[in-house]
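Participant: Sequence first, then the predicted structure, then my questions.
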Amino acid sequence: MNKETRILIIGAGCFGTSTAYHLAERGYTSIRVLDRYPPPSCEAAATDISKIIRSDYNEPLYARLGIEAISAWRSWPLFNGLYHVPGWILSASNLSLPFVEGSIETCKKLGVKGIERLTPDSIRSRFPVVTGKLDGWNLSVWNPTAGWAAAGKALERMANAAQENGVHYISGDKQGYVRQLILDEATGQCRGVLTADGTKHEADLVVLAAGAWSPSLLDMHSQLTAKGHAVAHIQLTSAETKHYSSFPIMDNLELGYFFPPQADGIFKIAHSQFITNIRKDKNSNITTSIPHTFLQVPEDGLPLEIESQMRRNLRRVLPELADRPFCYTRLCWDADTADRHFLVTPHQNHRGLFIATGGSAHGFKFLPVIGKYVTDLLEGTLDADIVSKWKWRAGQKVEAKNLAHMDPDLELEDLTGWRGRQARETSHASKL
Ligand SMILES: Cc1cc2nc3c(=O)[nH]c(=O)nc-3n(C[C@H](O)[C@H](O)[C@H](O)COP(=O)(O)OP(=O)(O)OC[C@H]3O[C@@H](n4cnc5c(N)ncnc54)[C@H](O)[C@@H]3O)c2cc1C
Ligand SMILES: *[C@@H]1O[C@H](CO)[C@@H](O)[C@H](O)[C@H]1NC(C)=O
Ligand SMILES: *[C@@H]1O[C@H](CO)[C@@H](O)[C@H](O)[C@H]1NC(C)=O
Ligand SMILES: *[C@@H]1O[C@H](CO)[C@@H](O)[C@H](O)[C@H]1NC(C)=O
């Protein structure tokens, strides 16, 4: 690889954008990024009003990367005004207890300051704004160094900086939408991609960074599973916004997570039991979990069981808000690996093709730095320990121990009320 190597990145989410940015920083001059949507891509998991930025991990690799990323979030002028540090409470109820115990250990070993175990009583006395019983918040830890970032804005700034550095972005439902990889019939080498408008984009090196959409575009041999996360928002009044401004980030790995209100009074809550949608992709014929988003199907809404569980979970924390209407809901999709390690690797059979995704519900915080590691991989200098954790691992039995988010996945087809829900409720409201 040399500085003129024609590099094409599929997907301008967290992994793709950071990779483009860091390649340009290192002087590569021919970088194209294709996405179905202009930056910040409205479908990317990375495009959101808030994402948690923390170093609490059981696995030392991500704790170290988290500390490195936090330093970037704090100090890079690029992210000025986008990073907020209210601190967070990480908690588990049952299946994720070993993960939380492990993170406390790892954080202490790495010298993170201010880590403190809390009980429901000590949480309520430290944060009087928390009125719930916190039932099921069986093991909780406070980390004052954790915060949240205005994720979509950060993604957009990084994409703009990459473009100012010469990266060429191609977006749009036709021009930017990759439908197929171009593979050499004889050698299997990847020579570029074909987009929905029929254009062939030739390249020396292709990086697949299409997040949850990756496994329906290319057979990933079950290494990646697209999982949908339910997110809901409640509009607070300005008095309430002020009242809840002392609310920290509260995250129970099994009972949902809750953010401090945004300046405009939007209070965001998310569910930690994930949804798969297993079917056949019409274009590639691959059968796998495929993202189902409300952007593609605006008449659909959250499954009824998920909404009730989210409200039960909110009642444990802020019961007074548990029955408030949701002003906006979303199914947000990420690609999970079985061991939650990223998948950042050359493809096993197709020369010229690299994979950089598998965020496994925790990738966003690394936006400032992940592309540096992907670039190291492309240049062949990535640390051997990281190479082995992020390698192509089809067919390998994974020891799924002490992981976050151990709840079994729910299949969308088995859930009720979501199909046509938005359309039904809108038409009902318009008749009132
Ligand atoms: C609800 C939710 C909450 C999360 N919270 C956190 C958090 O608090 N902290 C944290 O660190 N992480 C969090 N994550 C995880 C994080 O958002 C992801 O791990 C990360 O965004 C994954 O990056 P990615 O680049 O692989 O995918 P994405 O960011 O989803 O980007 C993929 C991009 O590929 C594009 N694309 C897909 N298919 C094609 C195609 N065929 N052609 C062209 N473009 C295509 C999409 O349009 C999209 O822009 C959360 C994820 C979700 C869903
Ligand atoms: C989770 O709960 C079950 C049943 O109550 C119990 O047997 C199990 O030990 C618990 N798991 C952990 C990690 O505490
Ligand atoms: C945690 O709390 C819940 C709800 O209070 C309880 O049912 C459960 O048994 C507890 N789990 C463990 C592992 O202690
Ligand atoms: C998918 O299947 C259809 C119908 O069998 C076929 O026409 C099409 O070429 C297949 N596409 C791919 C990418 O294999």
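Facilitator: Here it is on my side, so go on. Ligands and ions are numbered 1, 2, ... in the order given.

Participant: Walk me through the domains of this protein.
Facilitator: Following automatic domain parsing, one gets these domains for the chain: 1-49+150-223+338-399, 87-146+225-336+402-432.

Participant: Most tightly packed of these?
Facilitator: domain 1-49+150-223+338-399 (a mean of 20; mean count of other CB atoms under 10 Å). Using the backbone N, CA and C atoms, a C-beta is placed for each residue, glycine as well.

Participant: distance between that one and the chain's centre?
Facilitator: In terms of CA atoms, centre = their mean, to the nearest Å, the gap separating the centre of domain 1-49+150-223+338-399 from the centre of its chain is 14 Å.

Participant: who in the protein is up against ligand 3?
Facilitator: Ser93, Asn94, Asp135, Gly136, Asn138 (CB under 6 Å from any ligand atom).

Participant: all strands for the stretch 1-150 of the chain, in order.
Facilitator: Taking DSSP state E, counting those that start in this stretch, the strands of the stretch 1-150 of the chain run over residues 7-10, 31-35, 51-53, 83-84, 88-92, 116-118, 139-143, 147-149.

Participant: Same question for the stretch 151-300 of the chain.
Facilitator: 168-171, 178-183, 190-195, 200-202, 205-208, 225-235, 249-252, 256-258, 266-270, 275-276, 278-280, 287-289.

Participant: how about the fourth one, does it get close to ligand 1?
Facilitator: No: looking at strand 200-202 against ligand 1 by CB under 6 Å from any ligand atom, there are no contacts, and the closest approach is 11.0 Å.

Participant: so what strands line up beside that strand?
Facilitator: Using DSSP bridges, strand 200-202 pairs in its sheet with strand 190-195 (antiparallel).

Participant: In contact with Ala159, which residues?
Facilitator: Ala12, Thr17, Ala20, Tyr21, Val33, Pro39, Pro40, Tyr169 (CB atoms under 8 Å, 6 or more residues apart in numbering).

Participant: got the contact list for the third one?
Facilitator: With contacts defined as CB under 8 Å, 6+ apart, the neighbours of Ala20 are Ile9, Ala12, Ile31, Val33, Ala159, Ala162, Val167, Gly371.

Participant: what do you get if the cut-off is 7 Å, keeping everything else the same?
Facilitator: By CB atoms under 7 Å, 6 or more residues apart in numbering, the contact set of Ala20 is Ile9, Ile31, Val33, Ala162, Val167.

Participant: can you check the fifth one too?
Facilitator: Each residue near Val33 by CB under 7 Å, 6+ apart is listed here: Ile9, Ala12, Gly16, Ala20, Val167, Tyr169.

Participant: how near is the residue nearest to Asp219 when sequence neighbours are not counted to Lys113?
Facilitator: Among residues not flanking Asp219 along the chain, Ile286 sits closest, at 5.7 Å (CB to CB, 6 or more residues apart in numbering). Per CB to CB, to the nearest Å, Ile286 is found 47 Å from Lys113.

Participant: hmm, back to that, let's see the pLDDT reported for the residue nearest to Asp219.
Facilitator: Per-residue confidence (pLDDT) for Ile286: 97.

Participant: List phi and psi for it.
Facilitator: The phi/psi pair for Ile286 (degrees, to the nearest 10) reads phi -80, psi 130.

Participant: That one and Ser216 touch, don't they?
Facilitator: Yes: contact criterion CB atoms under 7 Å: Ile286 and Ser216 qualify, at 5.4 Å.

Participant: What parts of the stretch 51-200 of the chain come near ligand 1?
Facilitator: Lys51, Ile52, Gly176, Tyr177, Val178.

Participant: quick one: least confident helix or strand in this protein?
Facilitator: The helix or strand of the chain with the lowest confidence, counting by mean pLDDT, DSSP states H and E, is helix 421-431 at a mean of 85.

Participant: any idea how far stretch 395-403 is from the chain center?
Facilitator: That offset, for stretch 395-403, works out to 20 Å (CA atoms, centre = their mean).

Participant: any idea of the mean pLDDT in that stretch?
Facilitator: Mean predicted confidence for stretch 395-403 is 82.

Participant: With stretch 331-350 instead?
Facilitator: Rounded mean pLDDT across stretch 331-350 is 97.

Participant: Can you tell me which of the contacts of Val33 is nearest ligand 3?
Facilitator: Using CB to the nearest ligand atom, Gly16 is the member of these that lies nearest ligand 3, at 39.3 Å.

Participant: Just the pLDDT at that closest one, thanks.
Facilitator: Reported pLDDT for Gly16: 98.

Participant: got a list of what it touches?
Facilitator: Contacts of Gly16 (CB under 7 Å, 6+ apart): Ile9, Val33, Ala209.

Participant: do the same with Pro86
Facilitator: So Pro86 contacts Gly147, Pro248, Ile249, Pro260 (CB under 7 Å, 6+ apart).

Participant: Looks like the last one contacts His243 (just checking).
Facilitator: No: the criterion here is CB under 7 Å, and Pro260 misses it with His243 at 11.2 Å.
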